[in-house]
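Colleague: I need the structure of the sequence given here:
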Amino acid sequence: WNQMVIHSDHVDPHWIGREWLQKTEVRMRRVASARTQIATDRQLDLGYDEVEADWEGAMRKVEVFLDQEVTPEAFRRMRQYLDRADRARRFGRHDYQLELFGIRRDEIAKRLADDYQ
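Modeller: Down below sits the predicted model:
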């Protein structure tokens, strides 16, 4: 939406909401299907909230999963990147409400809930 409104005066946020909900549903179903073909010990799940709450802890899980060390230098560079991103975020952020896009939380839960189980 934020990219389309830059280029057009005629953007339908409800169409965008429906389109992205459909795309998300298709992607999640394809991922769920593909995962049935991969042994569970070769899969690692990290949720967005988990990474946001403790990205270093999440990276440590990736380290263990891959049996490969993330060097102190790599962590230092990740911290630098995130510090720059935090500074940039202070000057503006995206803040959207589902209602703008004509979708409801219960509709999302109904269409996507099975893929989180």
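Colleague: Following the chain past the longest helix anywhere in the chain, name the next helix or strand.
Modeller: Counting residues, the longest helix found in the chain (DSSP state H) is helix 13-35. As assigned by DSSP states H and E, the chain's next helix or strand after helix 13-35 is helix 48-53.
Colleague: contact partners of that following helix?
Modeller: 57, 58 (Cβ atoms under 8 Å, 6 or more residues apart in numbering). Heads up, the C-betas are built off the backbone N, CA and C, glycines and all.
Colleague: same check, this time on stretch 25-44
Modeller: Residues contacting stretch 25-44 (Cβ under 8 Å, 6+ apart): 61, 62, 65, 111, 112, 115.
Colleague: What strand or helix carries the third one?
Modeller: Secondary structure from DSSP H and E places residue 65 in helix 55-66.
Colleague: Output that helix in PDB with nothing but the alpha carbons.
Modeller: Taking Å, rounded to 0.1, in the frame of the first residue of the first chain, the C-alpha atoms of helix 55-66 are listed here in PDB:
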ATOM      1  CA  TRP A  55      17.600 -11.500  18.500                       C
ATOM      2  CA  GLU A  56      20.900 -12.600  19.900                       C
ATOM      3  CA  GLY A  57      19.200 -15.600  21.700                       C
ATOM      4  CA  ALA A  58      17.500 -16.400  18.400                       C
ATOM      5  CA  MET A  59      20.800 -16.300  16.500                       C
ATOM      6  CA  ARG A  60      22.300 -18.600  19.200                       C
ATOM      7  CA  LYS A  61      19.500 -21.100  18.400                       C
ATOM      8  CA  VAL A  62      20.500 -20.900  14.700                       C
ATOM      9  CA  GLU A  63      24.100 -21.500  15.700                       C
ATOM     10  CA  VAL A  64      23.200 -24.600  17.500                       C
ATOM     11  CA  PHE A  65      20.800 -25.800  14.800                       C
ATOM     12  CA  LEU A  66      23.500 -25.400  12.100                       C
END
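Colleague: Spatially central residue in this structure, please.
Modeller: residue 48 (5.9 Å; Cα atoms, centre = their mean).
Colleague: That residue and residue 58, how far apart?
Modeller: In this view, residue 48 and residue 58 are 10 Å apart by Cβ to Cβ, to the nearest Å.
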